[in-house]
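Colleague: When you get a sec, could you give me coordinates for this:
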Amino acid sequence: MPDQLDPATLDLASDPELGPLLAACPDIAVLRFRDGELLVVEGEDSQDLFIVRKGSLVVEKALPNGTMRPLAQIECSVDAPVIIGEMAYFGAQHRTATVRAVGACQALHLKPAHLDAIMAGFPGLTRILCRQFTTRLKEANDELRDLRARFDLAAQRRMVQPGEVLLRVGIPAESLLQLVMGAVRFGEGEGSVVRRAEDLPEGFLGLDAFLWSATHDTTVTAEEACFLAVIGMDRREAFIRSHPGLVLKVLGS
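Modeller: Model prediction:
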């Protein structure tokens, strides 16, 4: 548990707003966190905030195997205080990461009503808050862009005419085809069969060869005019992330 400090012992000379804030909100607690103590716990339902004035913090996120992955290390000082936990105030009540003290840290423990007071009458602290929101939004946009890239299949559209060979037996897979409209013929000669999208695993052609980086085990020809989506081999990892159930079924068969 962090130690509670007497607000009178704080050095407030470098921040003209903290003294008036503490005077206006005497219920704000001043705390000293020891090395390793947690300010915020991932998954916790809380709207408390902290203005950290001294010390270092590490932001961590839990991995599925139970280990913690460091996301960032934050240095705090009386000249550059950092506000922690502000996103919960705006509706994200479940913490998205854990924040841990590295060494001793000094922090002001605020409740949501205190943040209302800051935004109403303390422009300097509000500017710090706005800068952090800008940073959080940039980080969220970067994560969303990375996530989108991980799942983006970058599929190309393709129209083919009857008789056009789509896959040829013995030729390595260079892409994955998904039949959207039309019919295709598997094989050649008397043993060949005609299939439509509903007869195929989610309409995909040559799925095994695509996943295994192998050669096709049959020739597939357009039986009639067909509309296809084409997914390049460079998007195979994105395909696996997007269709885990289908992939496990194919690889396990």
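Colleague: list the contacts for Leu167?
Modeller: Residues in contact with Leu167 (C-beta atoms under 8 Å, 6 or more residues apart in numbering) are 173, 177, 205-206, 209, 216, 218-220. In this view, the C-beta of every residue, glycine as well, is placed from N, C-alpha and C.
Colleague: So for it, what's the pLDDT?
Modeller: pLDDT for Leu167: 97.
Colleague: Would you map out the domains in this protein?
Modeller: Listed by automatic domain parsing, the domain ranges of the chain are 3-132, 156-252.
Colleague: which one of the ones you listed has the lowest average pLDDT?
Modeller: Across the domains of the chain, the lowest-scoring stretch is domain 3-132, with a mean of 86.
Colleague: Just the terminal-to-terminal distance for that one.
Modeller: Distance across domain 3-132, first residue to last, is 27 Å (C-alpha to C-alpha, to the nearest Å).
Colleague: swap in stretch 76-85?
Modeller: End-to-end span of stretch 76-85 (C-alpha to C-alpha): 15 Å.
Colleague: buried ones in it?
Modeller: 76, 81-85 (16 or more other C-beta atoms under 10 Å).
Colleague: What of stretch 52-67?
Modeller: Within stretch 52-67, the residues that count as buried by 16+ other C-beta under 10 Å are 52-60.
Colleague: Save the domains of the chain as CSV, and put in distance to Glu139 too.
Modeller: Shown next, in CSV, are those (distance: least, C-beta to C-beta, whole Å):
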stretch, distance to Glu139
domain 3-132, 9
domain 156-252, 21
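Colleague: Which one, of those domains, ends up nearest to Asp142?
Modeller: domain 3-132 (12.0 Å; C-beta to C-beta).
Colleague: Next SSE downstream of the helix or strand where Cys130 lies?
Modeller: Using DSSP states H and E, Cys130 maps to helix 123-151. The helix or strand immediately downstream of helix 123-151 is strand 156-160, counting by DSSP H and E.
Colleague: Go ahead and measure how far that following strand is from the middle of the chain.
Modeller: 32 Å (C-alpha atoms, centre = their mean, to the nearest Å).
Colleague: Which other helices and strands does the helix or strand that contains Leu21 contact?
Modeller: Assigned by DSSP H and E, Leu21 belongs to helix 18-24. Judged by 3 or more C-beta pairs under 8 Å, 6 or more residues apart in numbering; DSSP states H and E, helix 18-24 is in contact with helix 112-121.
Colleague: Tell me which other helices or strands the helix it packs on touches.
Modeller: Using 3+ C-beta pairs under 8 Å, 6+ apart: helix 112-121 touches helix 18-24, strand 49-62, helix 86-89, helix 123-151.
Colleague: Please name the residues that touch Gly103.
Modeller: Going by C-beta under 8 Å, 6+ apart, Gly103 touches 35, 55-56.
Colleague: let's see 10 Å
Modeller: 33-36, 54-57 (C-beta atoms under 10 Å, 6 or more residues apart in numbering).
Colleague: Going by distance to Arg235, which of those wins?
Modeller: Closest to Arg235 out of the contacts of Gly103 is Leu57 (38.1 Å), distances taken as C-beta to C-beta.
Colleague: What sits closest to the closest one if chain neighbours are left out?
Modeller: Of all residues not flanking Leu57 in the chain, Ile74 sits nearest, at 4.4 Å (C-beta to C-beta, 6 or more residues apart in numbering).
Colleague: do the same with Val220
Modeller: According to C-beta to C-beta, 6+ apart, the nearest residue to Val220 is Leu167 (4.2 Å).
Colleague: Likewise for Arg196?
Modeller: Ala183 (5.0 Å).
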